[in-house]
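Enquirer: quick one: sequence plus predicted model below, questions after.
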Amino acid sequence: MEIKRFGFNRLFRREVQAESAAPAVVEQPPAEPDRLRPNPGTQVLIVDDSKTVHVMLSRILRKYGYETLSAYDGETGLELIATHRPALVLMDVVMPGMSGFQATRQIRKSSDPEIARLPVLIISGNAQPTEEYWSAKIGANGFLAKPFDNNELLDRIEALLYPHAQSVAQ
């Protein structure tokens, strides 16, 4: 039995023709909406047990000028909140040890008013209505289902951190 090698063009039945008269058309990516630049030193705490989620969120946030802190469980997240005082928390729900709901409840019950008012955005892979309901019930400021659009994430963050600027920017 003879094995034949197929090139890409033969395999997908594409014909390659050189056209020198017509210039190549380059598609432009969709324009990103204008974004508010955070105040220098604005920290966002990412509390999630997935390293992949941490890397992805950190890249997005740093691209737009935010500093990030990382915690892989609820207990560590609470410790970082107490020591670093981030401007916002992105909280996963299902984590080892203390869940995101339990950690958010602890934030809301804090005797420190600055911590108790800290904006918390729940980010969960479980987009069930019960998750959204409990997120609101425990005092989270919003719910975002994974996977999410980067612009939607940034819109939510900006709305929580700069509520008065949102109405002016639109």
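Expert: Perfect, I can see it now.
Enquirer: what's the closest non-adjacent residue to the spatially most central residue of the chain?
Expert: In the chain, the residue lying closest to the centroid (C-alpha atoms, centre = their mean) is residue 57, at 4.7 Å. Leaving aside its chain neighbours, residue 57 sits nearest to residue 46 (5.1 Å; criterion: C-beta to C-beta, 6 or more residues apart in numbering). For every residue, glycine as well, the C-beta is placed using N, CA and C.
Enquirer: contacts for whichever strand or helix holds that neighbour?
Expert: Per DSSP states H and E, residue 46 falls inside strand 43-47. Here strand 43-47 makes contact (C-beta atoms under 8 Å, 6 or more residues apart in numbering) with 53-54, 57-58, 61, 66-74, 76-77, 80-81, 84-92, 95, 100, 103, 157.
Enquirer: what about dumping the CA coordinates of that strand to PDB?
Expert: The C-alpha coordinates for strand 43-47 follow below in PDB (Å, rounded to 0.1, in the frame of the first residue of the first chain):
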ATOM      1  CA  GLN A  43      -5.900  47.000  42.000                       C
ATOM      2  CA  VAL A  44      -8.300  44.300  41.100                       C
ATOM      3  CA  LEU A  45      -8.300  41.000  43.100                       C
ATOM      4  CA  ILE A  46      -8.900  37.900  41.100                       C
ATOM      5  CA  VAL A  47     -10.200  35.000  43.400                       C
END
